[in-house]
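Visitor: Mind looking at a prediction? Sequence and model below.
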Amino acid sequence: MKQGLIIMVPAVLILWGASAILQADLLPDEKFVLLPPVNFTIKVTGLAQVLLRWELNPDQKPRSVNPEYHVKINAPQEDDYETRNTESKCVTILHEGFSASVQTILLKDNSLLASSWVSAELKAPPGAPGTSIVNLTCTTNTAADNYVHLRSYQVSLRCTWRVGKDAPEDTQYFLYYRYGSSTEECQEYSKDTLKRNIACWFPRTSIPGKGRDWLAVHVNGSSKLTAIKPFDQLFALHAIDQVNPPLNVTAEIEGTRLTIQWEKPVSAFPMHCFDYEVKIYNIRRGYFQTEKTTINEFVSVIDDISKYCIQVRAAVSSVCRASGLWSQWSRPLYVGNDEQKPLTGWFLIVLMAAVCFLLLMASLLCRICHLWTKLFPPVPAPKNNIKDLFVNTYYEKAGSSETEIEVVSYVEEPVFETLEDSVF
């Protein structure tokens, strides 16, 4: 009995130790609680830009925990992302208000732990409904400034809009744009009949020629009758950049070979960053041929007796930037022979053949129907006096005998036939 007890004691101790170890492994997970961030704030730092900021919960234990954060944008458009930082910038429209939430997350033992959410919001700015602008559109364009040893590029900006349907007649609008950390107010406006601003022009901007960031445009207003609601809009530069047409388009025809060449548009992007589209219009046949290429030359086999209209346009390639708008077509370039010349040559050939055919038919018709004899009858010629005298003399000598009469008849007959042949 005692020996059995001695054997069971070590077994119990082993089981108790294993249980203690297992509980030690499970106990931290059971007691570990991931706390949400604290002091979550949203601050406007620029046009259509806010800064989200929060802090690690001071009650979080153990202090050695290094969590991540899950940020969720609730309005105006839903979005979410993860970050290790305790602050985050967000570019978004603000005229409808803004709200966001954040929680603490931690990956532990291949399991994702998450705290509860904390939220904050910005109220929509004041303003009467229907007073903000509508149909805001903007376009950018690049121009070149030439210096002695440097060529720089300036980006212009033009925006247009319509007056809100419920805006009072004394409403006046003002436009601002922000790119990066630079913000500018419009100085050149176009106005409607009530002298309200409806368009803005920036000849020069701080937008770089190869810009990729969002362009933020903000339009607010004022009126003595009511508060005007502001309006924000974000633009992707590749989607509003109006590329310039290609430069110095030339075309040359050698036999049936048409060679077209051009130079890249005025742009900060290098030559390899462009796609091109070539349009060849056959004026005589009235059809278009459109081809795309990535180099500044195109060769085509054509009909060398036609006249052609050549145009080329360009777009920034997706190799260098997100695909955007095509440029306008270059000015029409005409090359080839005039379309009337081939028709004139064929007309002369057909005319000469028709005249020859008509003459041949007239000749055959006259020969068959004896029209020439009927239209121009022969004129009788005078008789030969010497032959008449010879016949008469011979007749007198012959007398009145029958034989001689027959002889006379024999002599006269060839003479008559000869005279007849001579006359007719």
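Guide: Alright, I've got the coordinates.

Visitor: I'd like the average pLDDT over stretch 335-343.
Guide: When pLDDT is averaged along stretch 335-343, the result is 63.

Visitor: how is this structure carved up into domains?
Guide: Taking automatic domain parsing as the reference, the chain has its domains at 38-122, 134-240, 247-338, 341-375, 385-423.

Visitor: centre of the chain versus whichever strand or helix holds A314, how much separation?
Guide: Under the criterion DSSP states H and E, the helix or strand holding A314 is strand 307-316. In terms of Cα atoms, centre = their mean, to the nearest Å, the centre of strand 307-316 is set 11 Å apart from its chain centre.

Visitor: Apart from its chain neighbours, what residue comes closest to N85?
Guide: Distances taken as Cβ to Cβ, 6 or more residues apart in numbering put Y69 closest to N85, at 7.7 Å, once the chain neighbours are dropped. In short, each C-beta sits where N, CA and C put it, glycine included.

Visitor: what number of residues lie near the one you found?
Guide: Per other Cβ atoms under 10 Å, the neighbour tally for Y69 reads 22.

Visitor: Next: the one 4 residues further on.
Guide: Neighbour count for I73, taken as other Cβ under 10 Å: 19.

Visitor: was I right about the residue nearest to N85 contacting W54?
Guide: Yes: between Y69 and W54 there is a contact at 7.3 Å, judged by Cβ atoms under 8 Å.

Visitor: shared neighbours of the two, anything?
Guide: Taking Cβ atoms under 8 Å, 6 or more residues apart in numbering as the criterion, Y69 and W54 both touch 37, 86, 102.

Visitor: For those, give me TSV that also has pLDDT and distance to C356.
Guide: As requested, these are exported to TSV (pLDDT from 0 to 100; distance: Cβ to Cβ, whole Å):
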residue	pLDDT	distance to C356
P37	95	103
T86	94	101
V102	96	98
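
Visitor: Tabulate these (a markdown table), appending distance to R162, secondary structure and neighbour count.
Guide: Putting these into a markdown table (distance: Cβ to Cβ, whole Å; DSSP: H, G, I helix; E, B strand; the rest coil; neighbours: other Cβ atoms under 10 Å) gives the following:
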| residue | distance to R162 | secondary structure | neighbour count |
| --- | --- | --- | --- |
| P37 | 43 | coil | 20 |
| T86 | 43 | coil | 15 |
| V102 | 38 | strand | 23 |
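
Visitor: ok so, going back, next SSE after the strand holding A314?
Guide: Moving toward the C-terminus from strand 307-316, the next helix or strand (DSSP H and E) is strand 333-336.

Visitor: how far out from the middle of the chain is that following strand?
Guide: The mean C-alpha position of strand 333-336 is separated from the chain mean by 23 Å, Cα atoms, centre = their mean.

Visitor: now do stretch 202-217
Guide: Computed by Cα atoms, centre = their mean, the chain-centroid distance of stretch 202-217 equals 22 Å.
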